[in-house]
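# Got a predicted structure plus its sequence, pasted below:
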Amino acid sequence: MDDKLKSIEDMTFREAMAELEGIVGVLEGNTLELEDSLKSYERGVALLGALKKRLNEAQQKVDVLMGELEVGIDDEATDSTLS
């Protein structure tokens, strides 16, 4: 594995996902020495954790926005019945 890997925090979601897919492919190929496999696996676990966190944060934002949208719809319905 490259010692000059980009920080996971500085990667876009797509970059992190592509690196994770590459790591999975290399590990499945069983071509690395044990030490390199362990380093790759550690990097993969870190990438997976970061990706899951980003997805959860995105889901929370969507949930908040959908809640605001539903409140807006309810307000419009309420307002139209008051006039």
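Received, thanks.
# which sections of this protein are below the confidence cut-off?
Within the chain, the stretches with pLDDT under 70 are 1-3, 72-83.
# Give me the residue at the spatial middle of the chain.
For the chain, the residue sitting closest to the mean C-alpha position, by C-alpha atoms, centre = their mean, is L51 at 2.7 Å.
# ok, and the closest non-adjacent residue to that residue?
In space, and not counting its chain neighbours, L51 is closest to A16: 5.6 Å by C-beta to C-beta, 6 or more residues apart in numbering. (Glycine included, C-beta is placed from N, CA and C.)
# gap between that neighbour and R43?
Counting by C-beta to C-beta, to the nearest Å, the gap from A16 to R43 is 10 Å.
# more crowded one of the two?
Remark: of A16 and R43, A16 carries more neighbours, 20 against 17, as counted by other C-beta atoms under 10 Å.
# which outside residues touch the helix or strand harbouring the more buried one?
Remark: A16 resides in helix 13-29, with elements defined by DSSP states H and E. With contact meaning C-beta atoms under 8 Å, 6 or more residues apart in numbering, helix 13-29 is reached by 6, 8, 11, 32, 37, 40-41, 43-44, 47-48, 50-51, 54.
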